[in-house]
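In: Sharing a sequence plus its predicted fold:
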Amino acid sequence: MKNSYLKRKMLAARSDLADRVSEIAVRRGTLYDYVNDILEQAIRADSMGLNLSEVLDDMWVLKAARGAGFTFVSQKLLYDLVEKAYKRLGKKEMQDLWYETGQWYGRYYSDLDKFEDMTKKLLTEISDLKILKDDEDRLSLTCLSSKFTEGYTELFSKFLEGVLDALGYAKDGGEVSKGMISLRFRKSKGL
């Protein structure tokens, strides 16, 4: 009886993809080993209810988050620390810090859609985040999270204001209350 690992089977693929896989395989070993690794990983992802596209998209999000300076920390720890700092250091100082940080991230992502997409993927505690263009010069932002503390909600709203400022929008009103952020923005003059 032959070892099943030694049996080979032909698989059909588009020629452009087969050529690229062959090029990569030359750098990584053999075509046989590389194709088997690809197939094993596809099967592994499927067994977890995922597909390779989802896995790679999520990996890209994590890599981009690291590049942007994000760090991962327990939600409880983060919210408790933010709440204590907000009460002890003073609201104005903390609001300024979060606003400035938001401006940095707005410049880093430099695109409203990219920022919205990354935020939704990274901040899983947000149940809803929508940034809608009302017209050419105005947009509205809604962010909801039942996990946000009162202080965190206020500070995160300042972060969002900073992001939108960096992207060319000035706050034009809105409401912020524990777990709910609803803001309106208008395009800044001169942009």
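Out: On my side now, so go ahead.
In: The residue nearest in space to the middle of the chain is in what secondary structure piece?
Out: Centroid-nearest residue in the chain: Met118, 2.3 Å away (criterion: C-alpha atoms, centre = their mean). Under the criterion of DSSP states H and E, Met118 resides in helix 112-122.
In: can you pull the buried residues of whichever helix or strand comes after that helix?
Out: Sequence-wise, the next helix or strand downstream of helix 112-122 (DSSP H and E) is strand 128-133. Across strand 128-133, burial judged by 16 or more other C-beta atoms under 10 Å covers Leu129, Ile131. No exception for glycine: its C-beta is placed from N, CA and C like everyone else's.
In: Could you name the helices and strands sitting against the one helix or strand Asp37 maps to?
Out: Assessed by DSSP H and E, Asp37 sits inside helix 31-47. The helices and strands touching helix 31-47, judged by 3 or more C-beta pairs under 8 Å, 6 or more residues apart in numbering; DSSP states H and E, are helix 15-28, helix 52-68.
In: which phi and psi does the closest residue in space to Glu150 that isn't next to it in sequence have?
Out: In space, and not counting its chain neighbours, Glu150 is closest to Lys178: 4.4 Å by C-beta to C-beta, 6 or more residues apart in numbering. With angles defined as degrees, to the nearest 10, Lys178 sits at phi -40, psi 120.
In: per the record, what domains does the protein have?
Out: Annotated domains of the chain cover 15-50, 74-187 [automatic domain parsing].
In: Thanks a lot, catch you later.
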